[in-house]
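> next come a sequence and a model predicted from it.
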Amino acid sequence: MNTAELIVTSNILTQGLFNANLMQFATGRTTQVSIGAGGQFYSAYNPSSTDSVITLPELLGLDVAGGTFTSTRGQLVKQSGRSFAADPSAALGVITANAKANAATMVMQTVGAKVFFKVAKKVTSKQRSAINKGFNFLGLKEVRA
């Protein structure tokens with residue numbers, strides 16, 4: 001339950017500060033590309049063309065040279081992104097602008113998530129207690145539900 005709360009809270013913060021959800025922020029994959037008629041999706045690394053979206057590879061300077069990626073038609077497409085590692089003040093400016101634009105939403109979502117998880121922990125306390133007893137029986141005392 002605590003892990004889920006951490007993931008939700010982290011997603012709220014990355015969405016508000018970097019305009020990218022947690023997965024997009026961590027991987028730099030900001031778009032999904034459809035392949036095949038079966039509707040399968042894969043996401044390829046694609047630096048955001050929006051100035052308000054920042055990803056971790058951009059912050060660390062890992063995407064300066066770009067990379068070679070397969071497009072939906074099978075051709076190789078070279079893409080390059082921007083590096084905030086060379087100019088951290090640019091990243092700080094974007095993060096500040098995002099924070100100002102998304103402050104009210106972030107506060108409401110964070111408060112809502114905290115209330116939800118507090119209620120959910122109380123409602124599921126008996127079930128989680130039974131699961132924890134099972135973990136103890138198996139010798140997994142450090143694992144908690």
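Arrived safely. All figures in this text were calculated on a predicted structure; none of them were measured in a lab.

> isn't E58 up against G28?
Yes - E58 is within contact range of G28, at 7.0 Å (criterion: CB atoms under 8 Å). C-beta coordinates here come from the backbone N, C-alpha and C atoms, glycine included.

> the strands in this structure, which residues?
33-35, 40-42, 67-70, 76-79 (DSSP state E).

> could you tell me how far the residue nearest to F18 when sequence neighbours are not counted is located from T96?
Leaving out its chain neighbours, the residue that sits closest to F18 by CB to CB, 6 or more residues apart in numbering is I54, at 4.5 Å. Here the criterion is CB to CB, to the nearest Å. By it, I54 lies 11 Å from T96.

> of the two, who's got more company?
Neighbour count, other CB atoms under 10 Å: between I54 and T96, I54 has more, with 25 against 11.

> and the more buried one, what does it touch?
18-20, 25, 48, 84, 91, 94-95, 98 (CB atoms under 8 Å, 6 or more residues apart in numbering).
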